[in-house]
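1. Here you go, sequence then predicted model.
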Amino acid sequence: MRIIITGVNGFVARHFLSFLQTQPGQFTVLGLGRTDESIDLQALAPLQMQYIKVDLLNREHVGEILKNFQPEYLLHLASFSSVGHSWKHPNESFVNNTNIFLNLVDQIRINNINCRILSIGSSEEYGNVSVSSLPLTENSPLNPISPYAVARVSQEMISRIYADGYGMDIIMTRSFNHIGPGQKNVFVVSSFAKQLVHIATHAEAEKKVVTGDLSIIRDFVDVRDVVKAYYMLLKEGKKGEVYNICSGKGISLKEVIEKMCSLLGLQIVLEQDTALIRPNDNKIIIGSAAKINQLTGWQPDIAIDQSLADIIDWWKVNA
């Protein structure tokens with residue numbers, strides 16, 4: 001398998017590379033990132049791995065890389081994936097979540113490269129939904145309510161245009177909130193875990209966590225299950241189709257904090273800060289993974305309690 005992974009320095013990509021190391025066969029991987037190389041290539045054996053620093057908005061450089069490497073697969077993970085960031089920097093978020101993807105697919109088209117593309121979208125595309133409409137399926141209407149979500153819907157629409165109009169081999173996901181060890185603390189579960197580990201390991205720390213809206217319910221899925229789904233879709237997904245990647249179970253942020261406090265033996269005070277509440281936020285998101293399950297047999301294997309325990313263990317070492 002000759003595969004390009006964009007955003008290769010990121011959280012999901014690192015787990016995807018670890019997953020590839022466990023799979024039979026030979027993998028020639030080109031990682032694309034916008035920072036100086038920070039990947040230990042030797043540690044990724046037996047993968048044949050190389051890295052190129054690139055601005056994916058640079059059409060000429062992107063085209064040159066694609067022509068030289070001739071990928072069979074492309075896993076597009078590069079994005080600004082924080083909803084909160086998109087409210088503060090909407091233009092930057094839209095450009096980096098839409099135009100870079102357009103550059104990639106158009107250069108693959110122009111250079112006539114026979115490449116299967118996995119376009120990663122988000123459950124944020126569904127927007128606010130009623131409880132009666134749950135679980136969300138791939139046929140549920142899209143109603144993006146944040147700059148990030150609008151960009152993700154745009155990326156999906158571009159995917160459909162190129163799949164339908166040019167016959168390109170593009171598969172799409174709507175990936176629900178994924179969590180796991182190594183995630184940045186700009187994301188809510190990892191942020192809570194880091195704060196709680198600090199409280200648990202520092203006797204002088206104030207036993208208080210400042211939060212946004214803890215009543216929000218999300219469908220969390222472990223990143224290690226997510227990357228397995230991505231691999232299966234690259235191998236077995238149907239061209240032009242979109243697939244939910246989710247657990248099918250909802251849990252409130254308050255319950256997440258309670259579970260982590262139990263794991264750490266903590267009793268804390270929660271204080272809500274209205275400044276941490278987004279201008280408009282989805283109140284409840286729970287998906288159905290029936291479509292990908294029926295196609296590939298994929299289902300999440302890692303329970304939320306195990307995910308939270310692993311995240312806590314990671315922060316104990318990396319805080």
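-> That came in fine, so what should we check first?
2. ok now do residue 74, which residues does it touch?
-> Neighbouring residues of residue 74 by CB atoms under 8 Å, 6 or more residues apart in numbering: 3-6, 104, 108, 115-118. From N, CA and C alone the C-beta is placed, and that goes for glycine too.
3. ditto for residue 57
-> By CB under 8 Å, 6+ apart, the residues touching residue 57 are 95-96, 99-100, 103.
4. could you flag which of the residues you listed are buried?
-> Neighbour-count burial (16 or more other CB atoms under 10 Å) applied to the contacts of residue 57 gives 96, 99-100, 103.
5. rewinding a little: nearest to residue 260, out of the contacts of residue 74: which one, please.
-> The closest of the contacts of residue 74 to residue 260 turns out to be residue 5 (CB to CB; 30.6 Å).
6. these two touch, right, the closest one and residue 14?
-> No: if you go by CB atoms under 8 Å, residue 5 and residue 14 don't touch, sitting 9.9 Å apart.
7. Please say which of those two ends up with more neighbours.
-> Taking neighbours as other CB atoms under 10 Å, residue 5 and residue 14 compare with residue 5 leading, 29 against 19.
8. Quick check: which element contains the more buried one?
-> Taking DSSP states H and E as the criterion, residue 5 maps to strand 2-6.
9. What would that strand look like as PDB? C-alpha coordinates only.
-> Output of strand 2-6 as PDB, limited to C-alpha atoms (Å, rounded to 0.1, in the frame of the first residue of the first chain):
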ATOM      1  CA  ARG A   2       1.400   3.400  -1.000                       C
ATOM      2  CA  ILE A   3      -0.400   5.900   1.100                       C
ATOM      3  CA  ILE A   4      -0.200   9.700   1.800                       C
ATOM      4  CA  ILE A   5      -1.300  10.900   5.200                       C
ATOM      5  CA  THR A   6      -1.900  14.600   5.600                       C
END
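10. Just the buried positions in it, please.
-> Those would be 2-6, for strand 2-6 by 16+ other CB under 10 Å.
11. Quickly name whichever of these is closest to residue 47.
-> The closest of the buried residues of strand 2-6, once distances to residue 47 are taken by CB to CB, is residue 3, at 9.7 Å.
12. Isn't the closest one up against residue 69?
-> No: applying CB under 8 Å as the test, residue 3 and residue 69 come out as separate, 9.5 Å apart.
13. so what sits against both of these two?
-> By CB under 8 Å, 6+ apart, residue 3 and residue 69 have these common neighbours: residue 30.
14. circling back to that earlier point, mind putting the contacts of residue 57 in CSV, secondary structure, pLDDT and distance to residue 293 included?
-> Shown next, in CSV, are the contacts of residue 57 (DSSP: H, G, I helix; E, B strand; the rest coil; pLDDT from 0 to 100; distance: CB to CB, whole Å):
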residue, secondary structure, pLDDT, distance to residue 293
95, helix, 83, 35
96, helix, 83, 32
99, helix, 93, 33
100, helix, 94, 31
103, helix, 96, 33
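15. Pick the one among the residues you listed closest to residue 49.
-> Minimum distance to residue 49 across those is 21.5 Å, recorded for residue 100 (CB to CB).
16. got a list of what the closest one touches?
-> 6, 56-57, 78.
17. hmm, try it at 7 Å
-> Residues near residue 100 by CB atoms under 7 Å, 6 or more residues apart in numbering: 56-57, 78.
18. Pull up the gap between it and residue 5, please.
-> For residue 100, the distance to residue 5 (CB to CB, to the nearest Å) stands at 14 Å.
19. same deal with residue 170?
-> 16 Å.
20. can you check residue 130 too?
-> On the measure of CB to CB, residue 130 and residue 5 end up 37 Å apart.
21. Phi and psi next, for the residue of the chain positioned farthest from its centre.
-> Here the centre of the chain is the reference, and by CA atoms, centre = their mean the most remote residue is residue 204, at 35.5 Å. Backbone geometry at residue 204, expressed as degrees, to the nearest 10, gives phi -80, psi -10.
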